[in-house]
Structures are given as structure tokens and as C-alpha cells.
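Visitor: Requesting a structural model of the entry that follows:
(2 chains)
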Number of protein chains: 2
Amino acid sequence: MENDGKKKCIVRFEPSGLGITVPVGTVLLDAAHKAGIYLNSICGGDGYCGKCKVTVDKGQFQSRPTTLLTPDEIRQNVVLACQTKVLSDMRLTVPKSHALETSQILMDTDAHRFSELAGDVRAGIFKFDPLVRKVFVEMSPPTVHDHTADHERLYLAIRRQIDAPIMQTGFRILQRLSGLLQNSNYEATVTIGRRGRTTEVIEIEPGDRRKRNFAVAVDLGTTTVVAHLVDLTDAATADKEATYNSQINFGEDYIRRIIYAEENDAFDEMQNRIVQDVNSLIVTLAARQKVDLQEITTVICAGNTAMIHFLLNLDPTRIRREPYVASAGFVPPIRAAEAGIQINKRGLLYCLPSVAAYVGSDIVAGVLATRIFTKNGVYLFADIGTNGEVVLGNRDWLVCASSSAGPAFEGSGVKHGMRAGAGAIERMTILEDGSVELKTVADMPAVGICGSGLLDTLAELFTNGIIDRTGRFRDNTQPGLTQAEEGWQFQLAPEHDGHHEIAITQADIDNLVRSKAGVFAAIKVLMESTQTKPADLEAVYLAGGFGNFLNVRQAVTIGMLPDVPMEKIQFVGNTSIAGAKTVLLSRNALETAERIAEGMTYLDLMSHPGYMDEFTRANFLPHTDLSLFPSVTESLMHRA
Amino acid sequence: MENDGKKKCIVRFEPSGLGITVPVGTVLLDAAHKAGIYLNSICGGDGYCGKCKVTVDKGQFQSRPTTLLTPDEIRQNVVLACQTKVLSDMRLTVPKSHALETSQILMDTDAHRFSELAGDVRAGIFKFDPLVRKVFVEMSPPTVHDHTADHERLYLAIRRQIDAPIMQTGFRILQRLSGLLQNSNYEATVTIGRRGRTTEVIEIEPGDRRKRNFAVAVDLGTTTVVAHLVDLTDAATADKEATYNSQINFGEDYIRRIIYAEENDAFDEMQNRIVQDVNSLIVTLAARQKVDLQEITTVICAGNTAMIHFLLNLDPTRIRREPYVASAGFVPPIRAAEAGIQINKRGLLYCLPSVAAYVGSDIVAGVLATRIFTKNGVYLFADIGTNGEVVLGNRDWLVCASSSAGPAFEGSGVKHGMRAGAGAIERMTILEDGSVELKTVADMPAVGICGSGLLDTLAELFTNGIIDRTGRFRDNTQPGLTQAEEGWQFQLAPEHDGHHEIAITQADIDNLVRSKAGVFAAIKVLMESTQTKPADLEAVYLAGGFGNFLNVRQAVTIGMLPDVPMEKIQFVGNTSIAGAKTVLLSRNALETAERIAEGMTYLDLMSHPGYMDEFTRANFLPHTDLSLFPSVTESLMHRA
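Guide: You can find the predicted model right below:
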């Protein structure tokens, strides 16, 4: 095929059928992204994670040699999309387990299960006082005897209804004000936003429009972006939607994305991606609920510090580099349009405050949502995602840390790991006869293992004696163990009906153990430095995208969480969005979030003298020191 | 001459030599304005004020018939610029007395004479605390042990130096912040502005730039725009400049300009004119003092309510129409660039608050500058301009009113009236032998009469018995009286050396009497309604553009001001700019100005039952009721 450098090729991806026209020579990973197909790409396209496999059904291509494909795969025309260039029209098949198809994202049902979190506002912890509200003002029109100017007349009318000692009005509103009031017989609806202690008139409409005031709360995850449409008139969540973070093509974790952006001067592109993700969620929610975009007056975001920086195009480079600082932890509210977010053109964008470069506003939201900051006794909060952030404390003090143990429980670095989408193994039990019982998301044929399934798998392999305390396969005669190219592996599901085998390898187990060890070591350091004993813990809250049926006991069994009674451990789901919604509905909650972020002590584990020791000691199941896990030890002895 | 509708003509104006190329058919008044020549145009180009006379030296033109030109003038090719169209290249001469040549504007020296007003800030009435200031912050760069984000690090550093509980940062500053701090080794100069009780980081520069922080205070007069360049580091006035308000082509008073703008949808044009005037003053001051426009961080404006509305393009139409209200009396600070003012692109524009549609922020500035609001006893403040605004009060109460008696003392409606430019008669005395002694501005040959000269003339004609108490010429045998086309007139200067005769007509005198009657009636109404007697007045402050050598006694002689001892009357010059500068230099003064504007009671004279009676009674010299002017009566009797 002639490559004249100008020729265009049509590339079509199955099973979605999505296609794109690209110039000859385009890298397949880029073509996939342009077509709206999100492929796993942990390494950011560097060609060493082997996650972006696709099968070429038809067409010419050129691939760089790689050791990440088996001879079988090469025979079947499987290629790494990041290492392959398009030379002609092509048709490709994206393996189901690897495709991040937006339609498959599992909506987090935890919001229902933990609805008391979002209910805080109505339950009286916080006053219902949304960050942006609409106030209907009826003024008597000016007369020769009542000549107060329109601007001051409006302020007086607003202050009759709300406490707003410090008010601002945008210049454009001011210019429209008199005409609007005269045409509406001095009956108008004012949209009032808060910028710190300042109240801003952000919009004015003729007549009574109070009934139509919406906001969107967003959890800016490194992997998934979740948005809830909230009706600000009654605090109800009107609808929810999620999408994959389309920055994922630039790296699975945010450190890699920062590096990519630095090397390719792609900060604008990085912002565009995340802003477009947020916009597409907003448009979807608005269309479905018949809400005009102009009626959405607020967007509130929680997320890790890097994601907030990407969203606002703040310099994130020192997040990954000494001295590991953010450009801003407390981001002032800005006009959403300034960041490119398409709601009411004068609507506000709020970001929850973060604590440090590695403890973001998602964690502050979590502390808010779990109410730790109101409690006596000591509480532990752990959010397991790309990093594992942990918080310990109560109403008097809060300490936090972030373990950079890697996102194994999110499925990265695990051969058949995946997120909690349809077909993900979310529960796994090894029965007495050695056979495996599985539960998959949406009861679809198994295509991979999500976080809760990985937790189950590690715990079941350990408690059934298939792996030893170091995580090694004890011997090869155990039922379920099979030999693969990488070595021995434990098979969860055989190949069937065109679906590939699902198994967990020694490397997978090592990754998971390291990951849980990182989390536990962080918890241990926090507990040591605050002289907290496991018995002191009133409750342990586990947050993260594990799936919907997390067996929290297993988190103790593998030694990720301290050995406390089962009833003290609670899986709290997506606390990032729960906290964001709480703030959205109460100015007082925002102030509380600010106090939480300001008051929380951050321990830098990398420079902490005891952390590496703790990490090494935690690289056992459940731990080197069995006395730390008495209930696990007893259970194992009972079993043995 | 062929008029093909596309031909361009060169029009040149003498004696300035300024020229302009315009299409055939252009109205001469418009051509003059485009050339930078400001002609008087009281009627806004409607053709009935007869002020825009020019002489055609050469060229073809087409004029509408008018009764405002004498046969002699028509013979000499004098035309009304507003009624004349250009048909070919032309050369014109603008009569000296009518041209508003910018270079001739007299700078107000009152600022020197009343320097204690501007000195308030240093004298301790107000704390020196400029609205916009520069703070030099030295921060220790972040380390792994001190990981406060840059944005919060900056806030901490600022708060170590100034009290700023509520702070805001613009999004663009936030985006630049980290890079700038890293490149400047965390030493930076922050420009801090105030928006109400909120402190805003409006600019950040590397290193120490404190020494370069300038502001411009502007008095937005209907006729003249005055600007002072202030060095905010030491509160010194670095330079001053003035220009004619170029809206003057659309009408001499602001009511006429509002009508013009409404009829011609010319609000944008009206804004452009005044903004360009302000910009040209700023550019001139900056160039002369070698100040970079980026170093000017603040503009503060005082002016009547209509001018502030024009400046910001707020709807001014109900200022002239029932219910006579402003769009905004308290204008929040905005970014100067939003209004088109070219200083630092993030610099702020402040407008002083106004009281009502006819009592603007220039009057609030006057109350502030004269310190009335701090005093015991009762004080009177009168600002004589296009309208005559009067304020009565003290530290406990303030009442104000505006008389719409017309701008006769500014020279409008007076045949040879003019502003206090070079050649204006500013003092006039009738000697015992009946001859007239004149003093002109800059000792140039007399070309007209400015405010102080008109005041002198009226008083001298009265005290010398040339006019009677109704203002009528007593008889035609008096020395100095000559017969002109309009009837009898009093000649101040004969025609000489190519300069026309200067005289005052019966119509002029009637206008002046009506004008002073309006002011006195307003004062009387305020005094009556507050039960203030002349003896209660501690002082009378007279402000306005009279000129530099106002004989305040004459204002009592003609019955414009109440009959109080001479030493109680003080001419205070341009208090609008003095007050604006005070506010510029002290946030506390701004708050005081706001309290003044808020607390002042406005009396609407049009709807006041007693005003018309008082006006009628004041239409005598000095007044119908001589008992109100005992010292004047005594002096006249002594003379007689």
C-alpha cells in the first residue's frame, strides 16, 4: 500500500462499530481515542504495560516488536495499539475485558445504601443553604418619592430574605439590571452565589424562576468521572451518570499523565479532555432530565489534587517532583465558563479544598461525608484507589497520609483486573470441594476481576492455604492451579463461549500484597504517631471503587485494615461525591470542609523514618506480626 | 462641484491648523469633532443655540437657513457648523471665544490653595490605606517538610502584612502563580485591591515593585474632565491634566445628551467618548511622568450621576424622566478594562457613590473633602455647575437638593460666557468714573467671561445701580450701555485688535438671576426644612468651576448665598477631585463616603410645595425680602 503521507484511512472498531478517518501512519491508540474508544493504557503509550491489545481483523499495519504478546496472540493478529501504525483502512476488535466502554460503567449504588450521608443536610448537621440559590424578589417600582436606585433597591430586597452583608454584582448584570426590572414590573429572580464570605448576584431573570435551579456534583476520579444532577430547590438527586476519564490514554495514573503533559506540552489538552468529560456528563444529565443548561448554576468538584489542577490548568508539575506541592489547595470559586464548563454562562465552579499534593479534596469530602470530624473516639477512613489515602481522627484532630502502593485493587497491574463494569467478578468464594463460586456485575459472563473480587480472591487463596503468608503459591498440586506462559496461576473461570480464561498469577498476587501492605503501613504509621491502638478505633470506613458487594471482612483477612470487629468496618462507597453534594447544599458544610482541610495534619510517608519498615513488615498475609491480627490468626487456626 | 457621494474632502480648521478628511455631505460639526476641535453646542446640534459658529474662509458648503446669524455674519461667511454640510475641500476659522481648545483649559489651582483637603489623609482624619496597594512578600520556598500550596503560602505571607480576612484571587493570576513564584525565588510584589470588604489579589509581579504604584483620580464633569496622577506609595499628586468632555457635541448639559443618546441609540458612542477622554488624560499623564500604563492600578471617578452612568454604559434614561432614578447609586468596583479604561489590565475602577439622580458622587466627594460630616454646628456646601447642588448639615445629619436653574455661571445661555480658559474675564470691577477694570485668565486679551467674571459683573451692575433689583437696565443713559441687535447691553470690552466686543445683555442678566435664584431657593428650602437660620451657619463652602479668583462676597451681594459674614464663606474649588483623591488614599474614606451617600436625605425640589415660591421670591437682587440680606442692604444704603 502506498504511503504518500496524505492518504486517509478509515479505522473501524468492533464490537462498538465506532469508526474514524485518520492519516496513514496514525498510531492506533490515538485513532481509538479519536473514535471515542477508551483502551487501557497504564504506561501512557510507552509500550510496556501490554494493556492496549486489539485484534486486527482486516487491513495493513506496522507494529514495533514487543515481548508483551504471546506467539499465539501474534498469530491471531493481536497488536498493542500504542505500538502500531495504521497503513490502510482497518477493522479491529477490542477485547471485551480491555475496552473501557462508557456504557458499561457501573453506576455506584452506594449512594443509595449510604443515603444517610447525603441526608446530612436535611438531618440537621448542616443547614440547608445551597452555595448557589435563587431568590424571588418583589420590589415596589421607584417613584418620585422613593427614588432608591435599582441596584440598591435590589440589594435591599435580597437582604430582606437572606443574610448577605457583603454583596457583589458583576458589571454585565449591572448593565442589564434597570431594563430587566422595568420590563418585569420589578419582580425578578436573582441567582445568588457565594464566594467565600461574599455574596454575588450571578444572574437575574424576570419573574419567578425559583423552581428551576440545578447543580452538578462531580467526582473527578483518575479513572472514572461521576456526576450527579442535583435539584437545588429540594436537595434531591435528580439523576446520575459516569464516564471514563478520557485522559486515560495519556497514562493510567496521574503521575504518568503529568509526565506526559510535561514532555508533550499537553497541559491544555489534558484540561480539554477532563473538561469535555465533565461537559458530556452535564449534557447527558440535562438532556435526560429536560433541564436547560442555563438552569444549571453550579458545578462542584471533588477529586485528587492532580485532577483539580488538570481541570483548572494549574501547574501540577511539582505534585510529582520535590517538594511535592500543589499550586493551590484552596481554589477560589470561579466562573465555570472560565474553565470551559458549559453551564449558565455566569454559573460558578467550586472545587473542594485539598490537604496536600497527595491528599486531595476527594479525601476531604470523605471525611465530611463520614462525619469523622464530628465524633469522639478515634475513626479510620481509607480510600483505596490509584493511591490509598488514609485518615485517622475525630472532632479534635485529624491526621492523614497517602500510600503510593499502586492501583492494583483498581485492576491495574493485574492480568485480568478491571473496573466494576458488566462481567467483572465482584465476589469469589472457594468452596470446600475446591471449586470456585463467582458473582459477576450484572450477572454477565465473567470478563475480568474488579476490586472486591480481587480482595476476595487474595483472601480466599490465603485462607484456603493455596498461597502462603508470603503470597507464594504453596505447591502446584492445589486444585485450580494451572500452568501459563508467565508461570503458575489460579484459574477463576475457564475459557468458554469465546470468553478467555480468567486467572490470577503470582505477579498479580505480589502486586495485590504490595498494595495492601502500602495501605496498612500507612494506617500503622498514623496509628503509631497518634498512639492509637486497634481497640481504640470506633469504626473503620472503607471507600473506593471496589464494586457493590464488598466483603469488608476480607480486607482484614489479608491485613489491609486493622483487626477490628466486623461490625466496626463499613464500606462507604463513593464518599467523594457524597461529600461534594453535602457542600453543594450547605454553605456551612463548605466552611466545615475548609476547616477540615486546613486542620488536617499530613504525614509524608516517603520521608517518614518508620514507613519502609512498616511496609516491609506488612508484605505478609496478614502481617509479619501475627499478634496484630488476632482474629485472623484464630480463624486460620480454627480452619487448620 | 460634483457630489458623487463618494468624494472625500479635506476640511482644515484655523487657527489650530487641525484637518480631517471626510465624505462630501458631512455635517461640519461632526467634521470638527473628528478633527479634535470641540465647538460649543448647547443644543446638541439641533440648530437653535447658535453657539457653533465658524467662518468659512474657502470652499463650497450648503447651509440650512437660520435666524441665529446676523446679515453681517452671513456676509462674512459665518455659518452654524451643525447646520452646514461640506461640499468640497474647506478652510474654516473657529472664533477664539467659541473654540474649546483643549490646550487652553485652565488647570484648577484650587488644589494648591486648599491643599489641606487632600492632606486629610496624612493629617490623621483617615488612615493612609490606599484602595489598591502593593505588598512585597518574601516566602520561604516549599520543602518536603513545608508543603503548603503556593496559593495558600501567598495568602499567609500577605496576611502577615495586612489585615485581609476575606481574600479572592482571579483565575488567571492563580494559573500564573506557581511559575512566577518559582522563577522569582518566592519573592514577589502583590497588588491588592479592595472590593467592599473583600481583598483581591489583582496582580502579581516578580521581585520588589512596590515603588511603582500609581492611580488616577478623575472628576467627570459635564463640561471638563480633570485627572490627577497620584503616586500611591507616598500619596503625592504627581501631575494633573484636564480636557473638555467630548460628549459636548451631543449637548451641553447631560439631560440633552441622554435625549440624544435615546433618540440616536448612541449610548455606546456616549460611553466611548467619555472613556476616550479619560484614556487620553491617563496617557498624557503617564507619558509626561514616565509611568508605564501597567503601573497604574487604580482609577477612581467622581461625577454627577449621569456621567457615571455614561462611563459605565448603565441605563441613564430615567434620570431625566419620572421617577428620576439611577440604575445604580453605589457602583461596585469593576475591572477598569471592562469599561474600556486602559490601565493595568487587571486594575480596578472605583466610582464614588451618589445620593440620587441629581445629586451625584461629585457632591458626596465635596462633603467628604470639606469635612462637613465631621463637624458640629451647621455647614452649607454649594457646588455651582450645570446644576446647583446644595448640601446642609453636620456630623449628625445631612440634607441635599439640586436646583435645575441652568448653567449660566458656566457660561451657557450667556452671549459671551465661556469657561475659565485663557482670555476669560475672571474679575470685573466698575470704577468710580464708570470705566471697567478687567482681569483675564493668563492676562490674555479678553475673549469672554467666565463664572467669577459673571458673578462680578452681575454684582457690580447691581451695586453701581446700572441694573435694578429685578435685574433690568435702569435706563439707557448709564455709561457703558450700548445698543446691539438684541437690545441694550453693557459693554465690558470694546472690539479691538481683531477681538470682538464683549458685553452682557439683558437676556444674559435674566439667565444669571434665574440661576442664582435657583441656588438660593434650594438653600432656603433646605434651611427652612431643617429650621436653620443664617446665624446658625458656621461656614459656607462654595465649589465649582468659577475660576481662580472668585470674590465670594459677590455671591452674597447678588443673593446666591445667604448673608453671612465674609469670613464664613470659603471658595473650595474642585472638591470633586479632592474627595476622590481622599478616597483613593484611604479605604476608611471610601467607607465614610458610602455612609455619607447612604445617610444624606435628598429633597426633590420639583415636587417640593415651597420651592417655586422661594424661586420666585429669589428672582430679585438680592431677594424680594431684603431682611434676609441685611449686610447687602446696609452696604447699598451706605453707597447711596
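
Visitor: ok, A:Lys53 - how many residues close by?
Guide: Counted with other C-beta atoms under 10 Å in any protein chain shown, residues neighbouring A:Lys53 total 18. Every C-beta, even on glycine, is put in place using the N, C-alpha and C of the backbone.

Visitor: what do you get for the one 10 residues further on?
Guide: A:Ser63 is surrounded by 19 other residues when neighbours are defined as other C-beta under 10 Å.

Visitor: and the single nearest residue of the stretch 101-250 of chain A relative to chain B, what helix or strand is that in?
Guide: Proximity of the stretch 101-250 of chain A to chain B (C-beta to the nearest C-beta) peaks at A:His151, 3.5 Å away. Following DSSP states H and E, the helix or strand that holds A:His151 is helix A:150-161.

Visitor: Could you check how far that helix is from the centre of its chain?
Guide: Put simply, helix A:150-161 sits 41 Å off its chain's centre (C-alpha atoms, centre = their mean, to the nearest Å).

Visitor: So for chain A, which residue is the most central one in space?
Guide: A:Gly221 (2.5 Å; C-alpha atoms, centre = their mean).

Visitor: residue contacts, A:Cys351?
Guide: Shown in contact with A:Cys351 (C-beta atoms under 8 Å, 6 or more residues apart in numbering or on different chains): A:300-303, A:308, A:311-312, A:331, A:361.

Visitor: Tell me where the stretch 151-300 of chain A has strands.
Guide: A:167-169, A:187-195, A:198-206, A:214-220, A:224-231, A:236-244, A:296-303 (DSSP state E, counting those that start in this stretch).

Visitor: Out of those strands, which gets the lowest mean score?
Guide: Here the strands of the stretch 151-300 of chain A differ in mean pLDDT, and the lowest is strand A:236-244 at a mean of 87.

Visitor: so it versus strand A:214-220, what angle?
Guide: Interaxial angle of strand A:236-244 relative to strand A:214-220 (axes from the mean of the first three to the mean of the last three C-alpha atoms, to 10 degrees): 40 degrees.

Visitor: mind listing what strand A:236-244 pairs with, with the direction of each?
Guide: strand A:224-231 (antiparallel) (DSSP bridges).

Visitor: Contacts for the strand it pairs with, please.
Guide: With C-beta under 8 Å, 6+ apart as the test, strand A:224-231 has contacts from A:105, A:108, A:111, A:213-219, A:236-245, A:274, A:277-278, A:281-282, A:285-286, A:289, A:291, A:296, A:419, A:545, A:574, A:577, A:581, A:584-585.

Visitor: Please indicate which of the residues you listed are buried?
Guide: The neighbour-count criterion (16 or more other C-beta atoms under 10 Å in any protein chain shown) marks A:105, A:108, A:111, A:213-219, A:237-245, A:274, A:277-278, A:281-282, A:285-286, A:291, A:296, A:419, A:545, A:574, A:577, A:581, A:584-585 among these as buried.

Visitor: Let's have the strands of the stretch 151-300 of chain A in CSV, adding distance to A:Gly471.
Guide: CSV is the format used below for those (distance: least, C-beta to C-beta, whole Å):
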stretch, distance to A:Gly471
strand A:167-169, 59
strand A:187-195, 51
strand A:198-206, 55
strand A:214-220, 32
strand A:224-231, 28
strand A:236-244, 30
strand A:296-303, 32
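
Visitor: Just tell me which of these ends up closest to A:Phe473.
Guide: For the strands of the stretch 151-300 of chain A, the distance to A:Phe473 is smallest for strand A:224-231, at 32.5 Å, taking C-beta to C-beta.

Visitor: CA atoms only: put that closest one into CSV for me.
Guide: These are the backbone C-alpha positions of strand A:224-231, laid out as CSV (Å, rounded to 0.1, in the frame of the first residue of the first chain):
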residue,chain,number,x,y,z
THR,A,224,-13.9,7.4,36.3
VAL,A,225,-15.7,10.7,36.4
VAL,A,226,-19.0,10.6,38.1
ALA,A,227,-21.6,13.3,38.0
HIS,A,228,-24.9,13.8,39.9
LEU,A,229,-27.5,16.3,38.9
VAL,A,230,-29.0,17.9,42.0
ASP,A,231,-32.2,19.9,42.2
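
Visitor: Tell me who's in contact with the nearest residue to the residue of the stretch 101-250 of chain A closest to chain B once chain neighbours are set aside.
Guide: Among residues not flanking A:His151 along the chain, B:Ala328 sits closest, at 3.5 Å (C-beta to C-beta, 6 or more residues apart in numbering or on different chains). By C-beta under 8 Å, 6+ apart, the contact set of B:Ala328 is A:149-152, A:174, A:177, B:309, B:314.

Visitor: Kindly provide the distance from the residue in the stretch 301-450 of chain A that chain B sits nearest to to B:Leu461.
Guide: Nearest to chain B, among the residues of the stretch 301-450 of chain A, is A:Ala328, at 3.5 Å (C-beta to the nearest C-beta). Computed as C-beta to C-beta, to the nearest Å, the A:Ala328 to B:Leu461 distance reads 72 Å.

Visitor: Name the helix or strand for the residue nearest to A:His151, please.
Guide: Applying DSSP H and E, one finds B:Ala328 in no helix or strand.

Visitor: per-residue confidence for it?
Guide: 95.

Visitor: Next: A:Thr233.
Guide: On pLDDT, A:Thr233 comes in at 91.

Visitor: what's around it, how many residues?
Guide: Count around A:Thr233 with other C-beta under 10 Å applied: 14.

Visitor: ok, now A:Gly17?
Guide: With other C-beta under 10 Å as criterion, A:Gly17 counts 9.
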